[in-house]
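[1] pasted the sequence and its predicted model underneath.
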Amino acid sequence: MSALLTVTDLCVTFRDEGGEVPAVEGVSFALNPGETLAIVGESSSGKSVTALALMRLLGQSPGVNVSGRAMLGDVDLMTLPERKMAEIRGRDLAMIFQEPMTSLNPVHRVGNQIAEGLLVHERITRRAAMKHATALLAQVGIPEPAVRARAFPHQLSGGMRQRVMIAMALACRPRVLIADEPTTALDVTVQAQILDLIRTLQRDTGMSVLFITHNLGVVAEIADHVLVMYSGQVVEAAPTSELLRRPLMPYSRGLMGSVPLLEHVRHRGQARLIAIPGAIPDPRVRPPHCTFAPRCTHMRPDPCKRARPNLEPATAEHAVRCARWREIAV
Amino acid sequence: MSALLEVEDLAKHYRLSDGRTLRAVDGVSFTIAEGEVLGVVGESGCGKTTLGRTVLRLHEPTAGHVRFRGEDTVALGRRALRTLRRQMQIVFQDPYASLNPRMTVGQTLTIPLRVHEPRLTRAGQRKRIAAALTRVGLPPAAADRYPHEFSGGQRQRIGIARALMSHPSLLVADEPVSALDVSVQAQVINLLLDLRAELGLAILFIAHDLAVVGMVSDRIAVMYLGRIVELAPTEALFARPRHPYTEALFSAVPDISTQRQRILLEGDLPSPFAPPSGCPFRTRCHYAEPACAEARPPLAEHAPGHLAACRRPELTLASPLPAADPALIFG
């Protein structure tokens, strides 16, 4: 299967008063047609910046420096003129965000906001676009879609607003949907509805999904493949079931150990979560060696503090960035 | 165990400018024993945060009683309340917003000492602050630094140290870990578990994450639209939920360890201004019958210590735990 979206050595740096801040350092991955790839990471891991860079939404200001390649079919998104990119954005590549309230325009009715994308990308009358918008609202499971199409964002609940965002993103049947923490602001009951909706729509339309989240439980639910990011780099990549069964990088292992599970109730009172000591490093002062070394219980000065390890294949499908993964594997 | 805190028919209603009334907390009763952790879970808007603040009288209750060691705090004047607050402290959700950025950590931690122990000397204050910082896993030198110099997890430790300065016996922890990254969240959960074991603190632990609440709580109250719909010992709640809302809430938790059948709730939380007649959950309930619309079911004891507000006690609802090792659940 040839990949739909192939990202190679994506780097993003921001310049501020304090100097260069490397946000994303050499991210590469391939997204296959119909597949869901999750990028999982904590704050300042670079997962959201990766998504924004692919959408070319980081702006052209002199402080932002993006390099690398992102091939959507045979088009490199990184070098495309802005006019061409605008045609692709929304049509082939669509994005939904964490906070639907701030991503929707508060002064326009949601039906009009959905129709706008159709009017830009397709030769279609306003009347037909509005009709299509109502159909999309029905498709994402909004009751009374014709009534809701006339509502303003503030008149809808958080879950409804996220459905509207998804309807907007799906309007032109994109080949790739980038979802940046789409359920993080929602209650678990609504989160379950939205995940179910994304899965159903994916099955119906065959689109690929790049799903960005900090929640490993959500990853287990929705993703075929996972990239684990830590301080701007991919530190582990594997099929979801493989990663959950056999995490190799100490950070991925720590992350899994620190997630509270419903099952932990069985050891209530006795067991403690396996917390990762320390804090995520400030991107301005990332160590020159393995960035996880200061928090890693498997750290040895040699090799861990000598150089940045490479992302190396452990098996054909499983890559890991750790100089000691062979020694510490269980 | 004697009750440290008794909450009886507590209500907090808000009158809006358009004349409508929001019943944020509407007739809630529970007790917390000395050293007990009571978890409160529910979706956003269910009233759990308002409940925690009304218990401390940070919001004035509309009706009901809050008795702390037998004394009704609702009737207390300002001065008596201040004395009592020494015993009841709070940790807030947002470690960025709940510390004064212009004060050093030491200055922030001095305030509760000045209020509650005005006769303590400077040297005595410094000693107490160093001890509190050490207890939450920070170096005593942290006292001379400002909040912005700390990470989110460290700031939450400072918030906990502040709450502990007056040696309280009850802590209200309002979503204390939900703003933190997962790897740091675990550190703070472990800290709370340690403090509880060492100090015998009673905690009203408010959170939306059922797994977190399950780990730390002895008993759990599930809230829906301003009321408790189920209240049970943690193991009993996980082994056999007795309210359909609890079952649905559990089944919605994404989990890396189990493959479970999901119960997808229809629609959103009803408007709190116009809750459904009869059982407030019936509009989203898979087990609702016409009779559920008639009267609101009372919170009744369906098994020893296990209360649920559902008129169908015969239902066998699904446990969120895999069936293996039942001995462990009940053991």
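    Right, received. Where do you want to start?
[2] now do the helices in the chain.
    In the absence of a named chain, this looks at chain A. A:47-54, A:82-88, A:100-103, A:110-121, A:126-139, A:145-148, A:158-170, A:188-205, A:216-222, A:240-245, A:250-258, A:301-304, A:325-328 (DSSP state H).
[3] hm, I was asking about chain B
    All helices of chain B, identified by DSSP H, fall at B:48-55, B:78-85, B:105-116, B:122-135, B:152-164, B:182-199, B:210-216, B:234-239, B:244-251, B:326-330.
[4] is it possible to export those helices to CSV including distance to residue B:14, mean neighbour count and mean pLDDT?
    Where you see a C-beta, it was placed from the backbone N, CA and C, and this is true even at glycine. Shown next, in CSV, are the helices of chain B (distance: least, C-beta to C-beta, whole Å; neighbours: other C-beta atoms under 10 Å in any protein chain shown; pLDDT from 0 to 100):
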stretch, distance to residue B:14, mean neighbour count, mean pLDDT
helix B:48-55, 9, 23, 95
helix B:78-85, 22, 13, 90
helix B:105-116, 29, 18, 95
helix B:122-135, 36, 16, 95
helix B:152-164, 27, 24, 94
helix B:182-199, 31, 20, 89
helix B:210-216, 26, 25, 92
helix B:234-239, 30, 22, 95
helix B:244-251, 23, 25, 94
helix B:326-330, 41, 11, 42
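[5] make CSV out of those helices and add distance to residue B:91.
    Listed next are the helices of chain B as CSV, based on distance: least, C-beta to C-beta, whole Å:
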stretch, distance to residue B:91
helix B:48-55, 10
helix B:78-85, 14
helix B:105-116, 13
helix B:122-135, 13
helix B:152-164, 5
helix B:182-199, 9
helix B:210-216, 13
helix B:234-239, 20
helix B:244-251, 24
helix B:326-330, 30
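[6] so which of the helices of chain A is the most surrounded?
    helix A:158-170 (a mean of 25; mean count of other C-beta atoms under 10 Å in any protein chain shown).
[7] now do the buried residues in stretch B:14-26.
    Within stretch B:14-26, the residues that count as buried by 16 or more other C-beta atoms under 10 Å in any protein chain shown are B:22, B:23, B:24, B:25, B:26.
[8] related to what we said a few turns ago, so for residue B:206, which of the helices of chain A sits nearest?
    Closest to residue B:206 of those is helix A:188-205 (C-beta to C-beta; 15.4 Å).
[9] residue B:303 against residue B:237, yeah?
    No - if you go by C-beta atoms under 8 Å, residue B:303 and residue B:237 don't touch, sitting 10.8 Å apart.
[10] residue B:87 is nearest to which of the helices of chain A?
    helix A:250-258 (32.5 Å).
[11] now for that closest one, which elements pack on it?
    strand A:225-230, strand A:233-239, helix B:182-199 (3 or more C-beta pairs under 8 Å, 6 or more residues apart in numbering or on different chains; DSSP states H and E).
[12] contacting residues around the longest one?
    Residues outside helix B:182-199 that contact it (C-beta atoms under 8 Å, 6 or more residues apart in numbering or on different chains) are A:42, A:214-216, A:254-255, A:257-260, A:272-277, A:279-280, B:35, B:37, B:135-137, B:151-153, B:156-157, B:160, B:164, B:173, B:176-177, B:180, B:201, B:203, B:205, B:212, B:215-216.
[13] between it and strand A:225-230, how many degrees?
    Per axes from the mean of the first three to the mean of the last three C-alpha atoms, to 10 degrees, the angle that helix B:182-199 makes with strand A:225-230 is 70 degrees.
[14] likewise the second one?
    For strand A:233-239 and strand A:225-230, the angle between their directions (the same axes, to 10 degrees) works out to 160 degrees.
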